[in-house]
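Trainee: Predicted structure and sequence below. I'll ask about it afterward.
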Amino acid sequence: MKKLGMLLLLGSLLCACGDEELLKLDKLDGVENWTPEFDLQVAYAEYSVWGLIRQESGAGAEIIRDDANDRLIIRHQENDIYTLNIMDELTPPAVLAEIDVNFTLPPALVGFTVPGPTPLDFSKSDQVGVDFQEGELQELTASMTMNYTVIGVSEYTATITLNNVKENGAVISKVLSGPSGAITLTDAVFDFTATPNSLDYTLELEVPVGAMVNSSQLQISFTFENITFTEIVGKINEKTFSIDPGSFDMNVDFWDKFEGNFAFTTPRVGLIVEKTGLEFPFDMAMDFTAYDGEGGSAHASLSSPQKSGDTLWYGAADIANLLSLPPKDRIDYAGDVTLNPGGTGEILVRHDGTATVSAIIEIPLELQVDDLTFNDTIDVGKIDQDIVDKILEAQLRILTENHIPLELGNGDLILLDEGYNPIDAIEVDSSFIKAPVVNAMGEVTAPQMSTCRIKLSRENIDNLVRTEYFLLSVTASTAKNSGGAQVPVKIKPDATLKLSVGVEAKLDITDL
């Protein structure tokens, strides 16, 4: 019965291996000292770069396949780090403009009525300045009150025409009545294109026969008050506003598989300005500080961006230092927005206009890394206790086909139980997984096929029966070019690493 059980064991092993040559059945004569060899695949993994870094979650974070350029980009957008309501920053003057007109009457009429036979007629056309300290107006739409007073006569007929101001598409012309009054102007459009910041008016006055003359000076004055801006077009003076400090997390999950330092070669930071009811030139200066959550930090002060529409792109060397930390914890920010730098650009501002600033970070996977630790788990096929008990000696055989320009080694293959608890560790050297050779552009020219064998100790062998997972914890470094120099490499979306782990062993079968 014991021999029958052993035959059943060998039969089961043969089925598991799938290779009848692994059991040397022609040696059944004299089986007392037979040590058959077997090769059992226990694990297989295939990594694609796209699968490795693709995001399952993470607000604001995404990995973009830039298929047009055959590359991957880590991208994070932090929306609305700053909101600017420019109209809140433009303080309307208490009095937009004042008009004072004096007409001289004959001194002999003071205290008397106009004798006739014709009325007294007066007219004046002139310009007065508009009080707008914020800059040069080309057009202003606003609502306001035009207050007036008339001194010197008891009766009159007068009309004020604002030659470069329209209301509902028509030039504003208002009739005055009484010693004082107030006229409401609603969404009046002031056209200053011909004469910047100047109000062009014509005042016509008639004093009828029989009107009492009270003074030798007939005085008429106007004040434009209670101003509410609706729209401004012109050249506003340069203004700078502070962006309040804040912070955000990039939420890049795949960084958690690595420990160490990256050296990204072409990252960039952009500031997107989204404007509603506004058109204006602007500039920004920003400070970013990145934290890796382990006490490390990097700082970048950014200015002089390249503009692309309403996005400012910063790509200075200190950006690479900032993002190569990498910022696993958070990025702090603060800065300034400069409206209309130099005061020479034209702007349009509506009363409800706002501008929001969002930060965008783009990191193409073009990098150089050295001594990074890569961690990932691989499922392991079950190895029965009765097989392990018969193993005399064994080694792991690891076959790899590597298309990713990284070499992996100098670490451990850690045995984990079903609860992911470490059981044992098997050391691997620098030749564990070799990197493919890359050209001067950092591109893989051909995959690297390699085989690595690692001898197992008795303790390693005994622990195989409880092993449910392998934890691959090794150092990753970028590939070298044909001259042996480490160069920045391009990680392409479809690059793969195929890894097959087998156990090669000799069995101790003392009787059958």
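Mentor: That came through fine. Numbers count the residues shown, from 1 in each chain.

Trainee: For burial, what's the neighbour tally of Leu408?
Mentor: The local packing of Leu408 (other C-beta atoms under 10 Å) involves 24 other residues. Every residue, glycine included, has its C-beta placed from N, CA and C.

Trainee: residue contacts, it?
Mentor: Residues in contact with Leu408 (C-beta atoms under 8 Å, 6 or more residues apart in numbering) are 374, 432-433, 472, 474-476.

Trainee: Between the two ends of stretch 415-428, how far is it?
Mentor: Its first and final residues considered, stretch 415-428 spans 13 Å by C-alpha to C-alpha, to the nearest Å.

Trainee: actually stretch 439-452, not the one I typed
Mentor: 25 Å.

Trainee: Of the contacts of Leu408, which belong to helices?
Mentor: Using DSSP state H, no member of these sits in helices.

Trainee: Out of these, which end up buried?
Mentor: Among the contacts of Leu408, the ones that count as buried by 16 or more other C-beta atoms under 10 Å are 374, 432-433, 472, 474-476.

Trainee: what's the weakest-modelled helix or strand in the chain?
Mentor: In the chain, no helix or strand scores lower on mean pLDDT, DSSP states H and E than helix 2-17, which sits at a mean of 34.

Trainee: Direction included, what does the following helix or strand past that one pair up with?
Mentor: Counting by DSSP states H and E, the next helix or strand C-terminal to helix 2-17 is strand 37-48. Paired strands of strand 37-48, with direction, are strand 496-507 (antiparallel) (DSSP bridges).

Trainee: contacts for the partner strand?
Mentor: Identification of contacts with strand 496-507 by C-beta under 8 Å, 6+ apart yields 35-49, 378, 380, 383, 387, 390-404, 433, 453, 456, 461, 464, 470.

Trainee: List buried members of those by neighbour count.
Mentor: 36, 38, 40, 42-43, 45, 47-49, 378, 380, 383, 387, 390-391, 393-398, 400-404, 433, 456, 461, 464, 470.

Trainee: a markdown table please, covering the contacts of Leu408 and showing distance to Val209.
Mentor: A markdown table is the format used below for the contacts of Leu408 (distance: C-beta to C-beta, whole Å):
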| residue | distance to Val209 |
| --- | --- |
| Phe374 | 104 |
| Phe432 | 114 |
| Ile433 | 111 |
| Leu472 | 109 |
| Val474 | 110 |
| Thr475 | 108 |
| Ala476 | 104 |
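
Trainee: So which residue is smack in the middle of this protein?
Mentor: Centrality entry for the chain: nearest residue to the mean C-alpha point is Ile360, 1.4 Å, by C-alpha atoms, centre = their mean.

Trainee: now Ile469: how far from Ala440?
Mentor: For the record, residue 469 is Tyr, not Ile. 40 Å (C-beta to C-beta, to the nearest Å).

Trainee: Ignore what I typed, I meant Ile331.
Mentor: Distance from Ile331 to Ala440, by C-beta to C-beta: 33 Å.

Trainee: any idea of the mean pLDDT for stretch 193-208?
Mentor: Model confidence over stretch 193-208, given as mean pLDDT, is 94.

Trainee: Check stretch 156-168 too.
Mentor: What stretch 156-168 shows for mean pLDDT is 97.

Trainee: got a list of contacts for that stretch?
Mentor: Outside stretch 156-168, the residues that touch it by C-beta under 8 Å, 6+ apart are 99, 125, 146, 148, 150, 171-176, 185-192, 194-195, 198-208, 211, 218, 220, 222.
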